[in-house]
Structure formats: C-alpha cells, structure tokens
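Trainee: predicted model follows, preceded by the sequence.
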Amino acid sequence: MEILVNLGKDSYPIYIENNLISQTSSHIQKIFSGKRIFLLSDDNVYPLYGASIQEDLSHFYECHHLILPHGEATKSFQSLPVVYEALINSGISRSDLIIALGGGVIGDLAGYVAASYLRGIDFIQIPTSLLAQVDSSVGGKVAVDLPQGKNLVGAFYQPKLVLIDPEVLSTLSPRFIKDGMGEVIKYGCIQDASLFQLLEESGSFEGLKPRLMEVIFRCIQIKTQVVEADPFDKGQRMLLNFGHTLAHAIEQFYGYKRESHGEAVAIGMYQLTCLAEEKCLTQPGSAEKILNLLSLYELPHKATIPIGQVLPALSLDKKMLHNQLNLVLLKSIGESYIYPTDTEFFQSVYNKII
C-alpha cells in the first residue's frame, strides 16, 4: 500500500507493507543520493532491527548510529547535545540523511534534530510502534518536551519518506499495542464511524489482526487528508488532537512515568466527552460508546486526578490561539469539531476526579 502526502515541494510517500523493513536500502536509494546516513534508535529497537538495517545500508552508504535509552525522558533538551555531538563526530553534513528507527519518542526527537541541525537536513521515519505507525510518524510535527509540558519546543518538518512494516509490531509488549490502539480509536471517533464500528466488531487486537494493515492505512489516510488541508495546525488539523488536551496534562502530572501516551489519550477522550455531554455539546451516549470500546481494548478511562490539579498544564496547551483554548469535541461518533473556549470550561468541575 502507498499513500502520497501531497504538500508541494515537501511531498513524500508512505509505504505500508509486511516485511518492508528488509527492503529499507532499496527505498532509500530512490530518494537519497548522498554519502552518509545516521541512524538514531533506542536500546529496545536497535537490537531487533538496527544492526541488520545498518548492514544492508552499508553496501551503499557510510553508516553511523546512536542508541539512546527508551522512554519519554529521552525526548528532552538533555538528549539534544548528545545527538548533535554524535552527528558532528560522524561528519554528518547537510547533504546527508538521518533515519529515525523507533517509536514516537525517537521519531519526534530525530525529526527535531533534523530540523535544527545545520538549519535542516533530510530525515526518514521507520516507525516500530503501533502509535507511531498510525499517527506520529506522519505529518511532520517534531518536538521535544519541557518540564512544563509535552512537545512545547518543536517544528513542522516533513520527512522524505515513511516506511511502515506491520510485522515489526509482533515484538511489542501487549501494553504498547494497547497504547497504539488509543490513537486508532481516536481516528474512529473524529472522522470514521465505520472504523469505530470495525473496532467494535473485532472485539480485541487479536480479532483485529487480519485487518491490521487496512486499519493502519485508514488512520494514515485520515491524517494525510487533514495535514494536506492544514499543514501548520492552525485549523482543522487540531481535530487530530481529540483527547490530547487532557492527555498531555495527565502525562505531565505523573512525570511521564505512569500512563503511556495512548493510555492518556484514552482517558482524555472519554473524560472530555463526558464533560461535553453534560454541557449538551455532544450527542448523548457517545461517552458510553467510547467507554465500551476502551474496555474491549483494555485501555483506561480514569486517571484519578482532580481536574483542578491539571488546569495549569491546560493553559499551556498548544491549541491555545488568541488566548482561546480550542477543545476538540465530538458531535457524535465519527464527527468532530473545534470548540473555542478557555480554562473556565473546566472550572465548574474543578474538583471532579477524572
């Protein structure tokens, strides 16, 4: 399967195919004619795929790599000097290429490094987690975290190529399959009621496996259409952040050490939809449908935090424009909209446990 992200001079292809990771060099040769490649990965992923990819690429390029610790803590300013120094020591120039091999943390970090090092060098994404395959590897949003919040320093910087191999998901722990399903469910909620229904009918990730490639394709297709219409996240692209306003606040509250991103998104989607129903902003029964689907895929729906304790983080949300907090709400399952408000939206439920 192939999808073209049509962004003029920044357009790029996305390939989705089983065992695609073994064909890395043939795809890279189509888009890169330079000399050096720098592969950035983590200590979970590199032992599984990094060495074989690097060996394959070494027949055509001078290859270097850096292995970072896995986990959200790596996506920070503290990692940047380490990566920049490794790039310098490897002789990487503006005519060379960075490969992000890993999940969303490595993809976001490598993308930000590519955007900022020497004022920008090419990079490609090889996402190895379900969350990265259906969401973060596509669209060019790259970033690092600050202590005050997630993804607060970043750029819009599109990759030259995305290679998605669903087969690599077989090495993921069950928790990180569930993590990715949080984002898959999001796509059904915001724009694809038939995908939401497919997830209901499949009943579990095991039941979904025969149609997994189709599900990945449908998620990316939705994201591609939204990104093409709004590449810089000033309008309809915000719809992709359904559940994320609360999710990022929950992640920060626990220091990125309790809920994974997808788990936090699951909580955010359900809790925000409950609030929206109470305010007659969402079709009644939508929250219950989300709750039932989260239960099928063993995702949480509560964070056990009084909402007042996360309000400071909400005020730093990246969807704040012109002092307005742009919440993403559902009209109903499969139809979403942007609701301009401010943190007063949450004041009436200040002590509510979410």
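Mentor: The structure has been received and is ready for your questions.
Trainee: now do the contacts for H65.
Mentor: Listed by CB atoms under 8 Å, 6 or more residues apart in numbering, the contact partners of H65 are 38-41, 46, 50, 54. The C-beta positions use only the backbone N, C-alpha and C, and glycine is treated the same way.
Trainee: looking at those, which is nearest I290?
Mentor: Minimum distance to I290 across the contacts of H65 is 34.2 Å, recorded for S41 (CB to CB).
Trainee: so what touches the helix or strand that contains the closest one?
Mentor: Following DSSP states H and E, one finds S41 within strand 36-42. Residues outside strand 36-42 that contact it (CB under 8 Å, 6+ apart) are 28, 49-50, 53-54, 57, 61-71, 74, 83, 86-87, 90-93, 96-103, 105-106, 109-110, 113.
Trainee: from these, list the buried ones, please.
Mentor: Using 16 or more other CB atoms under 10 Å as the burial test, the contacts of strand 36-42 include 28, 49-50, 53-54, 57, 61, 63-68, 70, 74, 83, 86-87, 90, 92, 96-103, 105-106, 109-110, 113 as buried.
Trainee: pull up the gap between the residue in the chain sticking out farthest from the centre and Y84, please.
Mentor: The C-alpha centroid of the chain is most remote from H59, which lies 31.8 Å away (CA atoms, centre = their mean). Distance from H59 to Y84, counting by CB to CB, to the nearest Å: 28 Å.
Trainee: list the residues that contact the residue lying closest to G104 once chain neighbours are set aside.
Mentor: Nearest residue to G104, sequence neighbours excluded (CB to CB, 6 or more residues apart in numbering): S136, at 4.0 Å. The neighbours of S136, taking CB under 8 Å, 6+ apart as the test, are 103-104, 107-108, 127.
Trainee: most neighbours, which of the residues you listed?
Mentor: G107 (30 neighbours; other CB atoms under 10 Å).
Trainee: which residue is the nearest non-sequential neighbour of it?
Mentor: A100 (4.6 Å).
Trainee: list the buried residues in the one helix or strand I190 maps to.
Mentor: According to DSSP H and E, I190 maps onto helix 174-191. Neighbour-count burial for helix 174-191, counted by 16+ other CB under 10 Å, picks out 176-191.
Trainee: quick check, G149 in contact with V310.
Mentor: No - counting by CB atoms under 8 Å, G149 stays clear of V310, with 10.7 Å between them.
Trainee: what touches both of the two?
Mentor: Q252.
Trainee: element containing T273, please.
Mentor: Using DSSP H and E, T273 falls in helix 261-278.
Trainee: okay, helices next: where are they in this structure?
Mentor: 24-31, 51-57, 79-89, 104-116, 130-131, 174-191, 193-202, 205-208, 212-229, 244-253, 261-278, 286-296, 311-314 (DSSP state H).
Trainee: give me the contact list for the shortest one.
Mentor: Counting contacts by CB under 8 Å, 6+ apart, the residues outside helix 130-131 that touch it are 103-104, 169, 172, 176-177, 179-184, 261-262.
Trainee: next, give me the two most distant ones among those residues.
Mentor: L169 and H261 (16.3 Å).
Trainee: what about these two, which has more around it?
Mentor: Each of L169 and H261 has its neighbours counted (other CB under 10 Å); H261 has more, 26 against 20.
Trainee: contacts only, for V82.
Mentor: Here V82 is in contact with 66, 68 (criterion: CB under 8 Å, 6+ apart).
Trainee: what about it, distance to G104?
Mentor: 19 Å.
Trainee: run through the stretch 251-354 of the chain and note the low-pLDDT ranges.
Mentor: 315-323, 350 (pLDDT under 70).
Trainee: what pLDDT does the residue nearest to F196 when sequence neighbours are not counted get?
Mentor: Closest residue in space to F196, ignoring its immediate chain neighbours: G188 at 3.2 Å, by CB to CB, 6+ apart. pLDDT recorded at G188 is 97.
Trainee: could you chop this structure up by domain?
Mentor: The chain breaks down into these domains under automatic domain parsing: 2-170, 173-349.
Trainee: and the first one, average pLDDT?
Mentor: Translated: domain 2-170. Mean predicted confidence for domain 2-170 is 96.
Trainee: how long is it from one end to the other?
Mentor: The first and final residues of domain 2-170 sit 22 Å from each other (CA to CA, to the nearest Å).
Trainee: next one: it to chain centre, how far?
Mentor: Relative to its chain's centre, domain 2-170 lies at 13 Å (CA atoms, centre = their mean, to the nearest Å).
Trainee: closest to the centroid, which residue in the protein?
Mentor: S136 (2.7 Å).
Trainee: for it, give its distance to H301.
Mentor: Relative to H301, and taking CB to CB, S136 is found at 22 Å.
Trainee: do V162 as well
Mentor: Distance from V162 to H301, by CB to CB: 31 Å.
Trainee: ok, these two, which is more surrounded?
Mentor: V162 (26 against 18).
Trainee: from what I can see the more buried one touches Y15, true?
Mentor: Yes - using CB under 8 Å, V162 is in contact with Y15, at 7.3 Å.
Trainee: need the contact list for the spatially closest residue to the residue farthest from the centre of the chain that is not a sequence neighbour.
Mentor: Spatial nearest neighbour of H59, excluding adjacent residues (CB to CB, 6+ apart): S25 at 6.9 Å. With contact set as CB under 8 Å, 6+ apart, S25 has these partners: 56-57, 59-60.
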